[in-house]
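Chemist: Give the three-dimensional model of this entry:
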Amino acid sequence: RQRACDRTGAACPAWCDTDFVGGLRMELRALVDFITVSAGEHCTPPRDTLVVFTGGEPLLQLDAPLVDAIRARHPGWRVAVETNGTIAPKDGVKVDWICMSPKVPPERLLITTGQEIKVVYPAYNPQAYAAIADGFEHCYVSPEAVALDVGHSLTDATAMEAAAAFCLHNPRWRLSLQTHKLTGLP
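Modeler: Numbering: from 1, shown residues only. A predicted model of the protein is given here:
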(Lines give C-alpha, C1' and ligand atoms only; values in the text may rest on other atoms or scores of the structure.)
Protein backbone atom coordinates (compact mmCIF):
# COMPACT_ATOMS: atom_id res chain seq x y z
CA ARG A 1 0.00 0.00 0.00
CA GLN A 2 1.36 3.33 -1.04
CA ARG A 3 0.51 6.72 0.47
CA ALA A 4 -1.20 9.14 -1.90
CA CYS A 5 1.58 11.71 -1.49
CA ASP A 6 4.24 9.11 -2.41
CA ARG A 7 2.22 7.91 -5.40
CA THR A 8 1.52 11.38 -6.77
CA GLY A 9 4.50 13.44 -5.63
CA ALA A 10 2.31 15.75 -3.55
CA ALA A 11 4.22 17.97 -1.15
CA CYS A 12 2.47 16.85 2.03
CA PRO A 13 4.91 17.07 4.95
CA ALA A 14 3.89 13.87 6.73
CA TRP A 15 0.77 12.38 5.25
CA CYS A 16 -1.81 13.28 2.65
CA ASP A 17 -5.44 12.16 2.68
CA THR A 18 -6.33 13.29 -0.83
CA ASP A 19 -6.18 10.72 -3.61
CA PHE A 20 -5.36 12.90 -6.60
CA VAL A 21 -7.27 11.38 -9.50
CA GLY A 22 -8.08 13.19 -12.71
CA GLY A 23 -9.14 16.77 -13.03
CA LEU A 24 -9.83 19.28 -15.75
CA ARG A 25 -9.81 23.01 -16.35
CA MET A 26 -13.10 24.83 -16.83
CA GLU A 27 -14.11 28.37 -17.64
CA LEU A 28 -16.07 30.19 -14.93
CA ARG A 29 -19.50 29.86 -16.54
CA ALA A 30 -18.98 26.17 -17.36
CA LEU A 31 -17.89 25.48 -13.78
CA VAL A 32 -20.94 27.22 -12.32
CA ASP A 33 -23.14 25.30 -14.78
CA PHE A 34 -21.50 22.04 -13.69
CA ILE A 35 -22.01 22.86 -10.00
CA THR A 36 -25.63 23.80 -10.69
CA VAL A 37 -26.37 20.56 -12.55
CA SER A 38 -24.61 18.47 -9.89
CA ALA A 39 -26.59 20.13 -7.11
CA GLY A 40 -29.83 19.64 -8.99
CA GLU A 41 -29.11 15.93 -9.34
CA HIS A 42 -27.93 15.31 -5.80
CA CYS A 43 -29.45 17.91 -3.46
CA THR A 44 -33.04 18.04 -2.31
CA PRO A 45 -34.11 20.75 -2.17
CA PRO A 46 -31.32 22.42 -4.17
CA ARG A 47 -32.06 25.80 -2.58
CA ASP A 48 -30.45 24.52 0.66
CA THR A 49 -27.23 23.58 -1.09
CA LEU A 50 -23.81 23.87 0.50
CA VAL A 51 -21.07 24.00 -2.17
CA VAL A 52 -17.85 22.61 -0.70
CA PHE A 53 -14.47 23.31 -2.28
CA THR A 54 -11.96 20.72 -1.16
CA GLY A 55 -8.51 19.21 -1.77
CA GLY A 56 -5.70 19.23 -2.64
CA GLU A 57 -5.70 22.82 -1.46
CA PRO A 58 -8.75 24.70 -2.81
CA LEU A 59 -7.57 28.14 -1.74
CA LEU A 60 -4.89 27.95 -4.44
CA GLN A 61 -7.67 28.39 -7.03
CA LEU A 62 -10.82 29.63 -5.29
CA ASP A 63 -11.41 33.26 -6.13
CA ALA A 64 -14.05 35.93 -5.64
CA PRO A 65 -15.43 35.75 -9.22
CA LEU A 66 -16.31 32.06 -8.76
CA VAL A 67 -17.88 32.51 -5.32
CA ASP A 68 -19.74 35.60 -6.53
CA ALA A 69 -20.99 33.77 -9.65
CA ILE A 70 -22.36 30.90 -7.55
CA ARG A 71 -24.13 33.31 -5.20
CA ALA A 72 -25.46 35.41 -8.10
CA ARG A 73 -27.01 32.35 -9.75
CA HIS A 74 -28.19 30.81 -6.45
CA PRO A 75 -28.63 33.47 -3.73
CA GLY A 76 -29.61 30.95 -1.04
CA TRP A 77 -26.63 28.67 -1.51
CA ARG A 78 -23.78 28.61 0.98
CA VAL A 79 -20.10 28.16 0.14
CA ALA A 80 -17.63 26.14 2.24
CA VAL A 81 -13.95 25.36 1.97
CA GLU A 82 -11.90 22.47 3.33
CA THR A 83 -8.35 23.78 3.63
CA ASN A 84 -5.05 22.88 5.24
CA GLY A 85 -4.88 26.44 6.60
CA THR A 86 -1.58 27.44 5.01
CA ILE A 87 -3.11 29.82 2.46
CA ALA A 88 -5.40 32.73 3.27
CA PRO A 89 -8.46 33.24 1.07
CA LYS A 90 -7.82 35.58 -1.86
CA ASP A 91 -9.10 39.14 -1.61
CA GLY A 92 -12.88 39.27 -1.75
CA VAL A 93 -13.43 35.54 -1.15
CA LYS A 94 -16.11 35.19 1.51
CA VAL A 95 -17.10 31.69 2.54
CA ASP A 96 -19.80 30.60 4.96
CA TRP A 97 -17.97 27.63 6.45
CA ILE A 98 -14.28 26.88 6.94
CA CYS A 99 -13.09 23.39 7.76
CA MET A 100 -9.35 23.45 8.42
CA SER A 101 -7.36 20.22 8.49
CA PRO A 102 -3.81 21.24 9.39
CA LYS A 103 -0.78 19.41 7.99
CA VAL A 104 1.87 21.79 9.37
CA PRO A 105 2.81 23.12 12.83
CA PRO A 106 0.36 25.75 14.14
CA GLU A 107 2.85 28.61 13.77
CA ARG A 108 2.79 28.08 9.98
CA LEU A 109 -1.01 28.36 9.72
CA LEU A 110 -2.58 31.46 8.18
CA ILE A 111 -6.12 30.37 9.05
CA THR A 112 -6.71 30.08 12.79
CA THR A 113 -10.47 30.58 13.02
CA GLY A 114 -13.45 28.93 11.40
CA GLN A 115 -16.21 26.46 11.98
CA GLU A 116 -14.22 23.19 12.10
CA ILE A 117 -10.71 22.06 12.83
CA LYS A 118 -10.21 18.44 11.78
CA VAL A 119 -6.92 16.75 12.69
CA VAL A 120 -5.87 13.50 10.98
CA TYR A 121 -4.89 11.10 13.74
CA PRO A 122 -2.40 9.68 14.66
CA ALA A 123 -0.39 11.33 11.86
CA TYR A 124 -0.90 14.68 13.62
CA ASN A 125 -1.38 15.44 17.30
CA PRO A 126 -4.53 17.45 18.07
CA GLN A 127 -2.90 18.76 21.27
CA ALA A 128 -0.36 20.58 19.09
CA TYR A 129 -3.25 22.76 17.87
CA ALA A 130 -4.73 23.48 21.30
CA ALA A 131 -3.68 27.14 21.12
CA ILE A 132 -5.88 27.76 18.06
CA ALA A 133 -8.69 25.27 18.75
CA ASP A 134 -10.67 27.99 20.57
CA GLY A 135 -10.98 29.79 17.24
CA PHE A 136 -13.14 26.97 15.87
CA GLU A 137 -16.72 26.03 16.72
CA HIS A 138 -16.08 22.28 16.32
CA CYS A 139 -12.95 20.22 16.99
CA TYR A 140 -12.66 16.84 15.25
CA VAL A 141 -10.20 13.98 15.05
CA SER A 142 -10.31 11.94 11.83
CA PRO A 143 -8.65 8.51 11.73
CA GLU A 144 -5.85 8.18 9.19
CA ALA A 145 -6.57 6.11 6.09
CA VAL A 146 -4.24 4.04 3.95
CA ALA A 147 -4.24 4.08 0.16
CA LEU A 148 -5.35 0.85 -1.49
CA ASP A 149 -4.76 2.05 -5.03
CA VAL A 150 -5.33 5.21 -7.05
CA GLY A 151 -8.58 6.80 -5.89
CA HIS A 152 -9.29 4.26 -3.15
CA SER A 153 -8.31 4.32 0.51
CA LEU A 154 -9.53 2.61 3.62
CA THR A 155 -9.60 3.81 7.22
CA ASP A 156 -6.97 1.99 9.22
CA ALA A 157 -8.53 0.03 12.13
CA THR A 158 -5.63 0.83 14.46
CA ALA A 159 -5.93 4.53 13.65
CA MET A 160 -9.69 4.37 14.25
CA GLU A 161 -9.21 2.80 17.68
CA ALA A 162 -6.52 5.33 18.58
CA ALA A 163 -8.67 8.28 17.42
CA ALA A 164 -11.67 7.02 19.39
CA ALA A 165 -9.53 6.57 22.51
CA PHE A 166 -8.12 10.08 22.09
CA CYS A 167 -11.65 11.52 21.90
CA LEU A 168 -12.77 9.58 24.98
CA HIS A 169 -9.89 11.10 26.95
CA ASN A 170 -10.27 14.56 25.39
CA PRO A 171 -14.02 15.31 25.20
CA ARG A 172 -13.51 18.66 23.49
CA TRP A 173 -12.54 16.64 20.40
CA ARG A 174 -15.12 14.52 18.57
CA LEU A 175 -14.61 11.67 16.15
CA SER A 176 -15.08 12.47 12.44
CA LEU A 177 -15.44 9.47 10.15
CA GLN A 178 -15.14 9.48 6.38
CA THR A 179 -17.80 6.89 5.52
CA HIS A 180 -16.44 6.27 2.03
CA LYS A 181 -13.08 5.33 3.55
CA LEU A 182 -14.76 2.94 5.98
CA THR A 183 -16.61 1.14 3.21
CA GLY A 184 -13.88 1.22 0.58
CA LEU A 185 -15.83 3.42 -1.84
CA PRO A 186 -13.85 5.89 -3.99
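Chemist: Tell me if I am right that Val79 is in a strand.
Modeler: Yes - note on Val79: a strand contains this position according to DSSP: H, G, I helix; E, B strand; the rest coil.
Chemist: what's near enough to touch it?
Modeler: Taking CB atoms under 8 Å, 6 or more residues apart in numbering, we find Val79 in contact with 50-51, 53, 67, 70-71, 94-97. Using the backbone N, CA and C atoms, a C-beta is placed for each residue, glycine as well.
Chemist: Quick one: buried ones out of the residues you listed?
Modeler: Buried by 16 or more other CB atoms under 10 Å: 51, 53, 67, 70-71, 95, out of those.
Chemist: Got phi/psi on the spatially most central residue of the chain?
Modeler: Geometric centre of the chain, nearest residue: Glu82, 3.3 Å, by CA atoms, centre = their mean. Main-chain torsions, Glu82, degrees, to the nearest 10: phi -110, psi 110.
Chemist: And for it, nearest residue in space, chain neighbours not counted?
Modeler: Once flanking residues are discounted, Glu82 sits nearest to Thr54: 4.1 Å by CB to CB, 6 or more residues apart in numbering.
Chemist: sorry, back to before: output the contacts of Val79 in CSV; the columns should cover secondary structure, pLDDT and distance to Leu28.
Modeler: Shown next, in CSV, are those (DSSP: H, G, I helix; E, B strand; the rest coil; pLDDT from 0 to 100; distance: CB to CB, whole Å):
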residue, secondary structure, pLDDT, distance to Leu28
Leu50, strand, 89, 20
Val51, strand, 93, 14
Phe53, strand, 94, 14
Val67, helix, 97, 11
Ile70, helix, 94, 10
Arg71, helix, 93, 13
Lys94, coil, 95, 17
Val95, coil, 96, 17
Asp96, coil, 96, 20
Trp97, strand, 97, 22
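Chemist: Output the buried ones among the contacts of Val79 in CSV; the columns should cover distance to Leu175.
Modeler: Listed next are the buried ones among the contacts of Val79 as CSV, based on distance: CB to CB, whole Å:
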residue, distance to Leu175
Val51, 26
Phe53, 24
Val67, 31
Ile70, 31
Arg71, 33
Val95, 25
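Chemist: Determine which two of those are furthest apart.
Modeler: Phe53 and Arg71 (13.5 Å; CB to CB).
Chemist: How about the contacts made by Glu57?
Modeler: Going by CB under 8 Å, 6+ apart, Glu57 touches 83-84, 86-87.
Chemist: who wins for neighbours among these?
Modeler: Counting neighbours by other CB atoms under 10 Å, Thr83 comes out on top of these with 28 neighbours.
Chemist: pLDDT score assigned to that residue?
Modeler: Model confidence at Thr83, given as pLDDT, is 95.
Chemist: number of nearby residues for Thr113?
Modeler: A count of neighbours around Thr113, defined by other CB under 10 Å, yields 12.
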